[in-house]
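Undergrad: Quick one, what's the 3D model for this:
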Amino acid sequence: MKELNSLNDQELESFFDSFDQILTDITDVFWTISKNIPAAEDAIKSLKRLGKKVVVVCNNTTVPLDSHHKKFLSAGFDVDKDEIVTPTQILISYLKKISLTKEIYVLGMPALKEALAGAGFKLVQIGPEPLHETLAEWARAGVINGDNIGAVVVDADLNLTYTNLQRAADLLGDPEVVFVAGALDQRLPIGQDRAAISPGFFCKILEDMTGRVPLQLAKPGRLLGEYVEGKYKIEDSSRVLFIGDSIAEDMEFASKYKKLLVLGGVTGKEALEKWTFPEEYKPDYYVDNWKTVHDLICRIFENKLNRSFGGGRRDGNVNTTAMQLQKVFCRITEDMSFSTKCGYKKLLVLSGLTKESLDRWIYPEEYKPDYYIDSLKDIHDLLLSLNQH
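TA: This next block holds a predicted model:
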């Protein structure tokens, strides 16, 4: 394990050159339940400017995908909806793969149920639960006919009742009923020194009661990794960096990838110093916060720019040429990457750049313009010339 900001410039460049694809957690990495993590949005933008592909891997099924995306946009993150993966998507993909036609009994939030219904699945409809005064009354009310039920799904359910949990246990007595679960966290931080009871505890009750083990669709389950690698066509796992804040879930899930642990969420530095987890969960690198990642990217690119363009005049502690070229770097990576993503032809107006900068190309290869021109005036002159002919 190495602290990322302890690396020298050469080691840092090697680190950032060692991966093309980033998979990253959300909670306690981008934001907590009550606030955003400072500088996380700047770090994601910087990583994308380096040409890295970023996919956000989230264990949260309690809100729709559109709501996840809107929250990213409102917080200033450069994340497309297609770059967000939740267990809901994996669940729908899996149920379609096994051609499930029977009804699904869901212990979960409305967003999960609506997504399943929207994908064409039939859900068991259970009305509001009355209060029960006796065990006999409760036992009669909890009986459910499972003849047309093919799956039990367990995830976060803030309206979970004893009766609903008992029905799930009864249904799982049939080995033909599929048992799947989302996140199996047992604690969810919800504030200073406060944690919520999470679905892992309720799943454990069902496991102990039925002897069944659920197929896990969230981190660290294998189906999530298979889904992500298939959807985003990841062929070389050694070129993937996973960023997370949890050792037991994120770092376990990332065992086949490069691993960067962001401290300050559910993991403090003392957990690294007094390691109690399997060796394969050890992160390759760790960092205190996202601002450090952003600052390190700026540092290595200033070094690259200085090497390529011979440095510049220093005014106090400011390298004027490097500052100007950082602006050029942002302009090229934003304009050319946008054009590449949209499939447009690319014309770069040098406007302050030199042809030498094209010969010493330091940006991602796919950002190369198809054509370049010195200034917009040259376009005007060319058009006049064509008209004269």
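
Undergrad: going forward, measure contacts and count neighbours with C-alpha atoms only.
TA: OK.

Undergrad: what about the residue sitting nearest the centre point of the chain, which SS state?
TA: Centroid-nearest residue in the chain, with C-alpha atoms, centre = their mean: residue 56, separated by 1.5 Å. In three-state terms, and counting by DSSP: H, G, I helix; E, B strand; the rest coil, residue 56 is strand.

Undergrad: Name all residues that make contact with it.
TA: 23, 24, 25, 26, 83, 84, 85 (C-alpha atoms under 8 Å, 6 or more residues apart in numbering).

Undergrad: so of those, which ones are in strands?
TA: Counting by DSSP state E, the part of these found in strands is 23, 24, 84, 85.

Undergrad: any chance you could map the strands in the stretch 101-250 of the chain?
TA: Listed in chain order, the strands of the stretch 101-250 of the chain (DSSP state E, counting those that start in this stretch) span 103-107, 149-154, 178-181, 187-191, 194-197, 215-216, 240-244.

Undergrad: I'd like the distance between the closest residue to residue 149 other than its chain neighbours and residue 217.
TA: For residue 149, ignoring the flanking residues on the chain, the nearest one in space by C-alpha to C-alpha, 6 or more residues apart in numbering is residue 103 at 4.6 Å. As judged by C-alpha to C-alpha, to the nearest Å, residue 103 and residue 217 stand 19 Å apart.

Undergrad: who's more crowded, the two?
TA: Of the pair residue 103 and residue 217, residue 217 is the one with more neighbours under other C-alpha atoms under 10 Å, namely 26 against 18.

Undergrad: Tell me which residues touch the more buried one, please.
TA: Counting by C-alpha under 8 Å, 6+ apart, residue 217 has contacts 87, 90, 91, 180, 181, 182, 183, 223, 224.

Undergrad: what is the mean pLDDT for stretch 178-186?
TA: Regarding stretch 178-186, the rounded mean pLDDT is 87.

Undergrad: what about residue 69, neighbour count?
TA: 18.

Undergrad: Now it: which helix or strand?
TA: Using DSSP states H and E, residue 69 sits within helix 65-74.

Undergrad: what distance separates that helix from the centre of its chain?
TA: Offset of helix 65-74 from its chain centre (C-alpha atoms, centre = their mean, to the nearest Å): 13 Å.

Undergrad: where are the low-confidence patches of the stretch 101-250 of the chain?
TA: For the stretch 101-250 of the chain, the stretches with pLDDT under 70 are 189-192.

Undergrad: residue ranges of the helices in it, please?
TA: 110-118, 135-141, 162-171, 199-210, 222-231 (DSSP state H, counting those that start in this stretch).

Undergrad: and the third one, what does it pack onto?
TA: Helix 162-171 makes packing contacts with strand 103-107, strand 149-154, helix 199-210 when contacts are defined by 3 or more C-alpha pairs under 8 Å, 6 or more residues apart in numbering; DSSP states H and E.

Undergrad: try 10 Å
TA: Counting contacts by 3 or more C-alpha pairs under 10 Å, 6 or more residues apart in numbering; DSSP states H and E, helix 162-171 packs against strand 103-107, helix 135-141, strand 149-154, strand 178-181, helix 199-210.

Undergrad: From the chain's centroid, how far away is that helix?
TA: 33 Å.

Undergrad: Please apply the same query to the second one.
TA: Between the mean C-alpha point of helix 135-141 and the mean C-alpha point of its chain there is a distance of 44 Å (C-alpha atoms, centre = their mean).
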